[in-house]
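Enquirer: give the three-dimensional model of this entry:
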Amino acid sequence: MSKATYLSVIAIALLGMGSCGGASRHLAFVSLSGNNEVGAYRIENNTGKFTSVVGSPYFGGNSPTSLAVHPSYKFVYAANQVGNNISLFSVDNNIGSISEILPRTATGISPVSIVLNPAGTLLFASNNVSGSISVYSVDPGSGALTQVSGSPFATLPNPGALAVTPSGNFLYVVNSNLFSVVGYAVGSSGALQQVPGSPFILTSGPFGIAMDPGGKFLYVTNPSTNALTVLSIASNGALAVAPGTPITAGTSPVAVAVHPSGQYVYVANQGSSNVSAYSIAANGTPTQITDSPFTVVAAPVFVTWDPNGKWLYVGGQTSREISEYQFTTTNGTLAPSLQSVTTSVAPTSIGLTQ
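Expert: Predicted structure coming up:
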């Protein structure tokens with residue numbers, strides 16, 4: 001798998017936005033790494049129709065690969081993998097346009113994933129080449145980032161995608177080369193301390209990562225073995241492989257997303273251009289549902305749910321498009337909505353509002 005493909009698979013924050021456009025629509029922000037841009041779209045809640053915001057796409061930093069939307073809905077952050085920094089954009093909630101606020105915030109070398117804690121008070125960035133995680137406090141008024149004491153925190157070499165628990169108490173980062181997931185307890189100041197038993201060694205290299213809405217399970221894709229592994233999360237943040245996993249997925253699974261209900265999990269299989277869908281048992285064990293896998297856009301690199309759980313958004317690397325699939329509440333199946341948007345270059349991540 002190419003480094004470009006690796007960098008395009010990032011777990012993305014899905015956050016509510018009650019003030020944007022009322023109840024009839026929500027916003028989508030898309031990182032266009034190849035053009036150093038971030039696109040902005042309005043999406044109709046009922047039909048799923050995409051409309052590009054006037055002025056979009058917007059110029060940003062060098063190679064934005066991961067986006068995070070602040071829970072206040074005022075700010076969007078972009079990790080610039082080549083620029084070694086983070087861009088801060090203010091959001092016009094009336095029309096959905098964004099404006100970058102300079103200067104950019106320095107990171108370590110090659111930040112490939114960023115995530116906010118649910119309170120929006122801390123932002124975490126994994127620095128792939130530096131082998132570290134930078135932690136920043138977030139100013140609630142301006143959105144400005146300030147690196148916390150002790151940051152950046154050393155981790156295993158080449159950290160990748162990040163996930164944080166709904167409580168904000170634990171942070172997890174995947175390391176593909178060392179077949180491991182590293183877990184951290186997050187202090188009130190943002191300081192990181194490895195949880196007992198960390199790093200947690202798997203049978204194959206983890207790649208994509210997603211958190212269950214209840215904070216009980218962590219889902220990771222294993223592209224080299226075409227599998228999905230489920231890890232249960234103990235009260236102290238320690239991880240254990242759930243019964244019956246790893247479970248077979250499609251070819252080269254690179255991204256994963258849990259439905260907001262917590263009842264289903266979906267895996268993007270880049271090599272077979274489809275999405276595998278599973279129901280989730282109480283112990284976290286997935287079972288593939290009827291008609292799965294579902295054919296999607298060519299070479300999918302991300303799968304992301306809108307916060308209401310009605311639409312699944314899939315980004316295609318080779319097709320340079322984002323397509324939308326409708327969720328069936330009775331059995332978790334996916335149906336094409338016939339709504340899609342073509343981008344100028346391959347999209348690498350998407351952030352959605354409610």
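Enquirer: switch to C-alpha atoms for all contacts and neighbour counts from now on
Expert: OK.
Enquirer: residues near the nearest residue to Phe59 once chain neighbours are set aside, how many?
Expert: Nearest non-adjacent residue to Phe59, counting by Cα to Cα, 6 or more residues apart in numbering: Glu37, 4.5 Å away. Glu37 has 23 neighbours, counted by other Cα atoms under 10 Å.
Enquirer: I figured Glu37 was touching Ser66, is that so?
Expert: No. The criterion here is Cα atoms under 8 Å, and Glu37 misses it with Ser66 at 11.7 Å.
Enquirer: show me what contacts Tyr184?
Expert: Applying Cα atoms under 8 Å, 6 or more residues apart in numbering to Tyr184 gives the contacts 170-172, 192-195, 237.
Enquirer: can I get the residues you listed in a markdown table with distance to Gly83?
Expert: Listed next are the contacts of Tyr184 as a markdown table, based on distance: Cα to Cα, whole Å:
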| residue | distance to Gly83 |
| --- | --- |
| Phe170 | 28 |
| Leu171 | 24 |
| Tyr172 | 24 |
| Leu192 | 25 |
| Gln193 | 28 |
| Gln194 | 28 |
| Val195 | 31 |
| Gly237 | 33 |
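Enquirer: those residues: which two are farthest apart?
Expert: Leu192 and Gly237 (12.4 Å; Cα to Cα).
Enquirer: give me the phi and psi for the residue nearest to Phe59.
Expert: phi -130, psi 160 (degrees, to the nearest 10).
Enquirer: look at it and report its pLDDT.
Expert: If you check Glu37, the pLDDT there is 97.
Enquirer: identify the bridge partners of Asn194.
Expert: For the record, residue 194 is Gln, not Asn. Beta bridges link Gln194 to Tyr184 when assigned by DSSP bridges.
Enquirer: state the number of residues packed around it.
Expert: Neighbour number of Gln194 under other Cα under 10 Å is 18.
Enquirer: same question, the one 5 residues further on
Expert: Pro199 is surrounded by 23 other residues when neighbours are defined as other Cα under 10 Å.
Enquirer: how about Val135: what's its closest non-neighbour residue?
Expert: Using Cα to Cα, 6+ apart, the nearest residue to Val135 is Phe124, at 4.7 Å.
Enquirer: which residues touch that neighbour?
Expert: Going by Cα under 8 Å, 6+ apart, the list of residues near Phe124 reads 114-116, 133-136.
Enquirer: among those residues, which two are most distant?
Expert: Leu116 and Ile133 (12.9 Å).
Enquirer: pull the contacting residues for the nearest residue to Lys74 once chain neighbours are set aside.
Expert: What sits nearest to Lys74 in space, not counting adjacent residues and going by Cα to Cα, 6+ apart, is Val91, at 5.1 Å. Residues near Val91 by Cα under 8 Å, 6+ apart: 73-76, 97-99.
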